[in-house]
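1. With the input below, show me the fold.
(2 chains)
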Amino acid sequence: MKIATYNVNGINARLPVLLRWLQESKPDVVCLQELKSPNEKFPLAAIEQAGYQVVFHGQKRWNGVAILSRYIPIKEHSRILAGEEEDEQSRYLEVSLGELVLVCLYLPNGNPAPGPKFDYKLRWIKRLITRAQTLLQTNQQVILAGDFNVIPTNRDVYKPERWVDDALFRVEVRDLFFQLLDQGWTDMLRHLHPDQTIYTFWDYFRNAYGRNAGLRIDHFLVSPELVSRIKAAEVDQHVRGWEKTSDHAPVWIHLNP
DNA sequence: ATGCCGTGGAAACCACGA
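-> Take a look at the predicted model:
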């Protein structure tokens, strides 16, 4: 089973690219982030016509997450990450697909740091840590996938020294990310490519993609019993080179039965 | 080293992203 995550940066603006990539890559399950669309404007018919059933949680201007599945019925658990009642940003979708529990997440960017947005990011990761611990304790097969907006280490960014004060790379954020990993999750892209430079995002300007000035911020974290079943984890990097493309590239894993 | 680009919504600019 091929499971992908893709920050589309606007589902309606990205629809042609998304459909082209679905046709080419043929993922069985897809987590989407940054829909930037209210529910009533979500292009449901086009995605269903491409062969997917969909669960989505849109929002008027920003954020928004969705899960697509070709064969396995999606059973929604939650579209809320517990721990902050007044949080109305659509950034979390937790479902089950057969035996598998899948979380699609869009972690806050957090810039500028320090500031209220950075504080919100730190609180959001702490809430995720709490939920992730609960999920691990159920001994289910769990995958946390999405745009974490966290650069884990120096080799996940083209020029680390330029990013030390950025909310994606600040030490508080990375400490929390590794606190999450220490619960027992495996960062699958890094696990299968320990020495490779891997990026999933390239800025639109300064020819960032052409210069390969990228960041690795889209991740697959998987629970312990799943690790040995995952035979591949890759970035569809060429999609970032398409016309009218997102600033993120799709990322995927292959899960053996 | 910088939202320099891209998107959406509202209103011919602004908020936001990373």
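2. shouldn't A:P257 be in contact with A:M1?
-> Yes. A:P257 lies in contact with A:M1 (C-beta atoms under 8 Å); the separation is 7.3 Å. Just so you know, the C-beta spots here come from the backbone N, C-alpha and C atoms, and that holds for glycine as well.
3. more neighbours, these two?
-> Per other C-beta atoms under 10 Å, whichever of A:P257 and A:M1 has more neighbours is A:M1, with 18 against 4.
4. Please name the residues that touch the more buried one.
-> A:M1 sits next to A:28-29, A:254-255, A:257 when contact means C-beta atoms under 8 Å, 6 or more residues apart in numbering.
5. show me where the stretch 1-150 of chain A has strands.
-> Counting by DSSP state E, counting those that start in this stretch, residue ranges of the strands within the stretch 1-150 of chain A are A:2-7, A:29-33, A:53-57, A:65-69, A:75-78, A:92-97, A:100-106, A:141-147.
6. Go through the ones you listed and pick out the most buried.
-> Mean neighbour counts were compared across these using mean count of other C-beta atoms under 10 Å; the top stretch is strand A:29-33, at a mean of 28.
7. for stretch A:9-18, how far is the first residue from the last?
-> Between the start and the finish of stretch A:9-18 there is a gap of 11 Å, counting by C-alpha to C-alpha, to the nearest Å.
8. And that stretch, what's buried?
-> Of the residues in stretch A:9-18, those scored as buried under the neighbour-count criterion (16 or more other C-beta atoms under 10 Å) are A:9, A:11, A:14, A:17-18.
9. Not counting its own residues, what contacts stretch A:119-138?
-> Contact partners of stretch A:119-138, identified using C-beta under 8 Å, 6+ apart, comprise A:81-84, A:87, A:91, A:101, A:103, A:105, A:107-110, A:142, A:144, A:149-150, A:167, A:172-173, A:176-177, A:179-180, A:183-185, A:221, A:223.
10. now it: mean pLDDT?
-> Here the mean pLDDT over stretch A:119-138 is 97, rounded to a whole number.
11. Now it: buried residues?
-> Of the residues in stretch A:119-138, those buried under the neighbour-count criterion (16+ other C-beta under 10 Å) are A:120-122, A:124-125, A:127-129, A:131-132, A:135.
12. Relative to A:Y52, which of the residues you listed is nearest.
-> The nearest member of the buried residues of stretch A:119-138 to A:Y52, counting by C-beta to C-beta, is A:L135 at 24.4 Å.
13. how about the closest residue to A:D166 other than its chain neighbours, what does it touch?
-> Taking C-beta to C-beta, 6 or more residues apart in numbering as the measure, A:D166 lies nearest to A:N111, with 6.6 Å between them; neighbours along the chain are not counted. Applying C-beta under 8 Å, 6+ apart, one finds that A:N111 lies in contact with A:117-118, A:166-168.
14. Contact residues of the stretch 151-257 of chain A facing DNA strand B?
-> For the stretch 151-257 of chain A, the residues found near DNA strand B under the criterion C-beta under 7 Å from any atom of the strand are A:162, A:166-168, A:201, A:203-206, A:215, A:217, A:244, A:247-248.
15. Return the distance of the closest residue to DNA strand B within the stretch 1-150 of chain A relative to A:F169.
-> Closest approach between the stretch 1-150 of chain A and DNA strand B, counting by C-beta to the nearest atom of the strand: A:G10, at 2.8 Å. To A:F169, A:G10 is 25 Å away according to C-beta to C-beta, to the nearest Å.
16. just to revisit the earlier point, would you list the strands of the stretch 1-150 of chain A in TSV and tack on mean pLDDT and distance to DNA strand B?
-> Converted to TSV, the strands of the stretch 1-150 of chain A look like this (pLDDT from 0 to 100; distance: least, C-beta to the nearest atom of the strand, whole Å):
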stretch	mean pLDDT	distance to DNA strand B
strand A:2-7	98	6
strand A:29-33	98	7
strand A:53-57	98	14
strand A:65-69	98	12
strand A:75-78	98	22
strand A:92-97	98	15
strand A:100-106	98	7
strand A:141-147	98	6
